[in-house]
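Undergrad: the sequence and its predicted three-dimensional model are supplied below.
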2 protein chains.
Amino acid sequence: MSPVKTLKSPASIRVALLGCGVVGSQVARLLTEQADDLTARVGAPVELVGIAVRRLGLARDVELPEELFTTDAHALVTRADVDLVIEVIGGIEPARTLILAALETGSSVVTANKALLAEDGPTLFEAAARAERDLYYEAAVAGAIPILRPLRESLAGDRVNRVLGIVNGTTNFILDKMDTLGSGFTEALEEAQGLGYAEADPTADVEGFDAAAKAAILASLAFHTRVTAADVHREGIAEVTASDVASAREMGCVVKLLAICELVSGPEGPAVSARVHPAMIPRSHPLASVREAYNAVFVESSAAGQLMFYGPGAGGSPTASAVLGDLVTVARNRLAGVRGAGESAYADLRILPMGETQTRYHVQIDVDDKAGVLAAVALAFAEHGVSIQTVRQEGRGDDAQLVVVSHRASDADLSATVETLRSMANVRDVSSVMRVEGEAE
Amino acid sequence: MSPVKTLKSPASIRVALLGCGVVGSQVARLLTEQADDLTARVGAPVELVGIAVRRLGLARDVELPEELFTTDAHALVTRADVDLVIEVIGGIEPARTLILAALETGSSVVTANKALLAEDGPTLFEAAARAERDLYYEAAVAGAIPILRPLRESLAGDRVNRVLGIVNGTTNFILDKMDTLGSGFTEALEEAQGLGYAEADPTADVEGFDAAAKAAILASLAFHTRVTAADVHREGIAEVTASDVASAREMGCVVKLLAICELVSGPEGPAVSARVHPAMIPRSHPLASVREAYNAVFVESSAAGQLMFYGPGAGGSPTASAVLGDLVTVARNRLAGVRGAGESAYADLRILPMGETQTRYHVQIDVDDKAGVLAAVALAFAEHGVSIQTVRQEGRGDDAQLVVVSHRASDADLSATVETLRSMANVRDVSSVMRVEGEAE
């Protein structure tokens, strides 16, 4: 926290809002409804002075004075009388240009923009540092759940070793339906769409793009290292089958889409592994009981041990709550003429390539039901240094299914094993490969 | 956050530690082991300059230089070269005198002392405000679980309506054993003592004193109102029987010792209810799955909805993690020459007397198995305005057991009902009264 030199201490905090959709309208509502409390908590009145929208005259979820609205977002964020800009437009542009302009003009910024932070966070953090202004973004990960502040501040005296997050409500809803109702992926997706939990084009959620952006932000904070979305290995849930979910159940597990951020030690020193993929976790794991569209982030640290943060991961009103929490801190900082903690990237750790990442695997293999096949399959694992923990074989007539669960192995060795298996004469298909996570070490 | 006028910006942050027991020794260990990370995160080296203990020369859990130790705590906290005092002695005195002396001398303070904060917090907060120094205490509630910072900062733009906390690990361990193994209270307590989860004199835990102190702290923060331990209605778990736990199970519930802080609206405006007692909660409630000695705090707020924070609620190393998290924030504030948010008591709400508190009740009544007894019992409830939701009657020979679950009623009305029941000729005993909490409204 370094002193900001050129700030007058404003008598009120004047706020510009970029975007008035699902989140923005709730931010505007809370700013109005909670005005007295905000004044008491900030130490000065908080005044909404303008709202930039794409089109004027639309019906909004909340009644707001017409004269606040403008379509000229750039003029709004560069107004000299604005102290604090809230960005809830989302997406890369024009959000990036507007945030940079706001910082350069001397405003502090609160944003919920995970995609932008994960793609180009360092540009924003550097601009905030140059301008000596705050850039806060609690709402960007897991909606209303306070997770960035605990990682950055509460655990600042501890060492975080692993973060496992269910950070996408859509995919958790789908996987929960598959688990509880035995639905297939398509059926569960349609139910999610019908209930408004999934969009018409569900790609960003289902393919893990949304979770990967959040993984990048979590990993950056947890390990004091710049991690962008491009550093995050990403697999979605579209390939998860009812059979995978049933296999998981037999193992006492449940399938979840996890954002995993790990501190791993290797021959070249500590490194960061950041990845998003479906995984089987034991039903006894606290994350296993996270149902429907809820989110949760599980943190393992050296001194504190295992912590979990649970709540609604999306929605206008929960996301607005997180935005307003940041607003109070940033406004207080502004009145005191200081900045909060900026980017912390001092550790500057190596990003571990996915191939070097170690975990356990659940592999389902369709084979000819002949003598010697199991031995050949076991040999393929052994050749690549992948040690087998359990094998289960089920005959089904002239073919059979083998379910192999491995000990910890590298992703590269496992991939090579699968390639070998697929080339074998008596192997019909490797029908499923899924990682097993969250077990006691 | 108001600027602190008289602070030099120290080249290093010099720390005095009061207490070197279970928590203190872990604080000292982390200060040493994490020194490089702390320097990077604080922006200056953090130096442990002295440790006050009752007796010198004892074996400690951690290897520390002999010359750091002193038995003169007062001299240590009033040293002019100390910037920050960590108090982990616990109890009221000498902790209070030492913290006040530290603040007066110009040191910032981090404490884990729930008893002192709950009994006499305002005195400490006023001293901190006068001295323009920080007083942080995340470790005082729920050990390593970041809960005070989220309540104070992350939810600062929201309105908290209710906090339900499992904030005492000992009692949660005992009740969990009673639930999962069917043990009686005494047997479960003995197991907890054998495993080190309960002390030889378990009064503070079992009778709810520890939880009540934490409830006072949580309610103060959640509702911006001074709430002390004396304001918290307190009942322990010593009266909880195996039969209560079995009854709860039949209702799809589990018995937990809850710290409950509620914002309630009444004829005289909003008020705060703060209480600690065993209660039945539905097994589908997120708190129901908090097992063994873990803690969790469930927060319901207007905008964010339902949040839960889960983790180890005690232990040297987890508590030390929370202390160090505060230390980093306080040290950064000190380097920047500012204070963090101090006490916030602007709402100054009325404390609701227990008699006015509304909830549902599970009442077990042993009666003579005669015609007309059920009608007489039902009449007793009706006379006191307590509406019955369900009654279950089980004959057992010449006596019978009635289990009544009420709709929401005031504690005063329910108590009056129980008194009437006890005076009735055909009522042998009101064998159990337990509140039912955590249900969807």
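TA: Here it is on my side, so go on. In this text, all values refer to a predicted model and were calculated from it rather than measured experimentally.
Undergrad: which secondary structure state does the residue most central in space within chain A sit in?
TA: Computing the C-alpha centroid of chain A and ranking residues by C-alpha atoms, centre = their mean puts A:Lys214 first, at 2.6 Å. Assigned with DSSP: H, G, I helix; E, B strand; the rest coil, A:Lys214 falls in the helix class.
Undergrad: mind giving me the packing neighbours of the least confident helix or strand in chain A by mean pLDDT?
TA: The helix or strand of chain A with the poorest confidence is strand A:388-395; it has a mean of 90 (mean pLDDT, DSSP states H and E). Applying 3 or more C-beta pairs under 8 Å, 6 or more residues apart in numbering or on different chains; DSSP states H and E, one finds that strand A:388-395 makes contact with helix A:373-383, strand A:399-406. From N, CA and C alone the C-beta is placed, and that goes for glycine too.
Undergrad: off-centre distance for stretch A:306-325?
TA: On the basis of C-alpha atoms, centre = their mean, to the nearest Å, stretch A:306-325 sits 12 Å off its chain's mean C-alpha point.
Undergrad: brain fart, stretch A:181-194
TA: That offset, for stretch A:181-194, works out to 22 Å (C-alpha atoms, centre = their mean).
Undergrad: if we can go back for a sec, got the buried residues for the least confident helix or strand of chain A?
TA: Across strand A:388-395, burial judged by 16 or more other C-beta atoms under 10 Å in any protein chain shown covers A:Ile388.
Undergrad: how about low-confidence regions in chain A?
TA: Along chain A, the parts satisfying pLDDT under 70 run over A:1-10, A:440-441.
Undergrad: try it again at 90.
TA: Scanning chain A for pLDDT under 90 picks out A:1-11, A:57-63, A:266-268, A:313-314, A:341-342, A:370-372, A:393-398, A:439-441.
Undergrad: all the helices of it, residue numbers only.
TA: A:22-33, A:35-42, A:73-77, A:95-105, A:114-131, A:148-149, A:169-181, A:185-194, A:203-206, A:209-223, A:242-250, A:316-336, A:373-383, A:411-422 (DSSP state H).
Undergrad: in stretch A:128-138, what's buried?
TA: Residues A:128, A:131-138 are the ones in stretch A:128-138 that count as buried (16+ other C-beta under 10 Å).
Undergrad: now what about it, what contacts it?
TA: A:2, A:4-6, A:99, A:103-104, A:106-114, A:117, A:124-125, A:127, A:146-149, A:217, A:322-323, A:325-326, A:329-330, A:333-334, A:339-340, A:342-343, B:154 (C-beta atoms under 8 Å, 6 or more residues apart in numbering or on different chains).
Undergrad: okay, now the closest residue to A:Ala345 other than its chain neighbours: neighbour count?
TA: Distances taken as C-beta to C-beta, 6 or more residues apart in numbering or on different chains place A:Arg226 nearest to A:Ala345, at 5.0 Å, with adjacent residues excluded. Neighbour count for A:Arg226, taken as other C-beta atoms under 10 Å in any protein chain shown: 19.
Undergrad: residues touching A:Arg226, list them.
TA: So A:Arg226 contacts A:121-122, A:220, A:345, A:348 (C-beta under 8 Å, 6+ apart).
Undergrad: for A:Leu181, same thing?
TA: Residues in contact with A:Leu181 (C-beta under 8 Å, 6+ apart) are A:Ala188.
Undergrad: roughly how far does it sit from A:Asn168?
TA: 20 Å (C-beta to C-beta, to the nearest Å).
Undergrad: cool, A:Leu349 as well?
TA: Going from A:Leu349 to A:Asn168 by C-beta to C-beta gives 25 Å.
Undergrad: could you find the closest non-adjacent residue to the residue of the stretch 201-350 of chain A found nearest chain B?
TA: Nearest residue of the stretch 201-350 of chain A to chain B, counting by C-beta to the nearest C-beta: A:Leu324, 2.2 Å away. The shortest distance from A:Leu324 to any non-neighbouring residue, by C-beta to C-beta, 6+ apart, is to B:Gly157 (2.2 Å).
Undergrad: what sits against A:Ala314?
TA: Going by C-beta under 8 Å, 6+ apart, A:Ala314 touches A:143, A:169, A:293, A:295.
Undergrad: and A:Gly397, by the same measure?
TA: A:Asp369.
Undergrad: what's around A:Gln193, how many residues?
TA: Neighbour count of A:Gln193, defined by other C-beta under 10 Å: 15.
Undergrad: identify the residues contacting it.
TA: A:199-200, A:202.
Undergrad: now with 7 Å?
TA: Residues in contact with A:Gln193, defined by C-beta atoms under 7 Å, 6 or more residues apart in numbering or on different chains, are A:Ala200.
Undergrad: show me chain A divided up by domain.
TA: A:13-143+A:316-336, A:151-312, A:357-436 (automatic domain parsing).
Undergrad: doesn't A:Asp366 make contact with A:Leu402?
TA: No. Using C-beta atoms under 7 Å as the test, A:Leu402 is too far from A:Asp366 to be in contact (8.1 Å).
Undergrad: which one of the two has more residues nearby?
TA: Between A:Leu402 and A:Asp366, A:Leu402 has the larger neighbour count (other C-beta under 10 Å), namely 20 against 15.
Undergrad: residues touching the more buried one, list them.
TA: A:365, A:367, A:374, A:377, A:391, A:393.
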